[in-house]
Structures are given as C-alpha cells and as structure tokens.
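1. Just the structure for this:
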Amino acid sequence: MSDLTVDVTHLYISSGHNYFGRHGKGSESHEIVACEEIELVTGRGVVNDRFFDYEEDYKGQITLFDHATYEGVKERFKLPDLEPSAFRRNVVVKGADLNELIGAHFSLGEVELTGSQEAKPCYWMDEACAPGVDRFLRGYGGLRCRIVKGGKLGKGSKTLKRL
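-> Numbers count the residues shown, from 1 in each chain. Reported below is the predicted structural model:
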C-alpha cells in the first residue's frame, strides 16, 4: 500500500461501555459524543474515551471503522437514518482498506498507530443496528490500534502512510 489520502468523516468518544464486557448484563446507554477533533495519548488511548488507560498496552486504544462498511449496512438493512456512531468506533475513515492495516505501523495525519486486530463485531450489533448486522460485519468490523505517537486528529483529508 502506498501513501493514501483518506477522509476522516466522523470522530467519537464515550465515557462508558454500552456493550463491551456486558454479556449477560444487558446494554447500557452511555452517550457517544461526536467531535471535530480528538486527542490521542501514546500508549494510553483517546482522552475522555472509555478505553483511555483501560489496561497497559491495550490493543484497542483507538478504533477505526470504514465509511464504506457503514454505507453498506445502511443499504443492506434499509436503515437510511442509521448514524455511524451506532458502531461505537472512535474514527470513521473513507478511502482505506482497514484489514490491510492489521499488523502494520502507519501514520494518519500527525499520529502513528499500529493495527492490532479486527475490531470484531458481536451480537450487540444486532441490538445497536438491526438483526443480522453482526453477521454482515464479520471480517469488516473495523480496526483496533495501539497509539505509537499521540497528537491531535481532526476531521477532513489526511495522509495515511505505512511506516
């Protein structure tokens, strides 16, 4: 993959977990907040997000989601009003194959990340979006990353570069 220009279309934080770690307990209703810019801290996460300092060397300090997958869910499940916040990922990007970044060290604008693994969907996606979304998202749930070099990340066009 050569340098790409991608669009950061949405940025989100949430102070609490609605689904993560909630098996058998029911979902919660922590607000997810849309942001124009988020602050990433090396090795710790996104400031004011539920995974900030979650655990040492956590593989999901920040999560990315593909805008094309979001659009695919809206179309396939006839959900024209579905917001990308429903997926509870921090960053929605347009123009990159996130699966190609699993195991990669890359920059997105001024920040540097390593792709840890797919942000695998789970049965909660059927509650958050519609029945069947969990299965539809398998293999396209997004990307969990570690933050190698923190900084600010805002919406708009960014260069994504493998390092």
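
2. what's the weakest-modelled helix or strand in the chain?
-> When each helix and strand of the chain is scored by mean pLDDT, DSSP states H and E, helix 124-128 comes last, with a mean of 79.

3. Show residues contacting the helix or strand following it.
-> Heading C-terminal from helix 124-128, the first helix or strand you meet, by DSSP states H and E, is helix 133-137. Residues from elsewhere that reach helix 133-137 (CB atoms under 8 Å, 6 or more residues apart in numbering): 69, 72-73, 76-77, 121-126. Bear in mind the C-beta positions are built from the backbone N, C-alpha and C, glycine included.

4. Return the member of those nearest to residue 113.
-> The closest of the contacts of helix 133-137 to residue 113 turns out to be residue 69 (CB to CB; 18.6 Å).

5. Make sure I have this right: that closest one is in a helix.
-> Yes - under DSSP: H, G, I helix; E, B strand; the rest coil, residue 69 falls within a helix.

6. Neighbours of it, how many?
-> Residues contacting residue 69 under the criterion other CB atoms under 10 Å number 20.

7. Packing partners of the top strand by length along the chain?
-> As assigned by DSSP state E, the longest strand anywhere in the chain is strand 4-14. Counting contacts by 3 or more CB pairs under 8 Å, 6 or more residues apart in numbering; DSSP states H and E, strand 4-14 is packed against strand 32-35, strand 37-41, helix 67-76, strand 91-94, strand 151-154, strand 156-162.

8. Contacts only, for residue 12.
-> Counting by CB under 8 Å, 6+ apart, residue 12 touches 32-35, 85, 88-91.

9. Put the buried members of these into a ChimeraX selection.
-> Buried members of the contacts of residue 12 can be picked out in ChimeraX with the line below, counting by 16 or more other CB atoms under 10 Å:
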select :32,35,85,88,89,90,91
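
10. Just put the contacts of residue 12 in a markdown table and tack on pLDDT and distance to residue 151.
-> Converted to a markdown table, the contacts of residue 12 look like this (pLDDT from 0 to 100; distance: CB to CB, whole Å):
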| residue | pLDDT | distance to residue 151 |
| --- | --- | --- |
| 32 | 85 | 22 |
| 33 | 91 | 20 |
| 34 | 95 | 20 |
| 35 | 97 | 14 |
| 85 | 93 | 23 |
| 88 | 86 | 23 |
| 89 | 92 | 19 |
| 90 | 95 | 14 |
| 91 | 98 | 13 |
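
11. Perfect, I'm done here.
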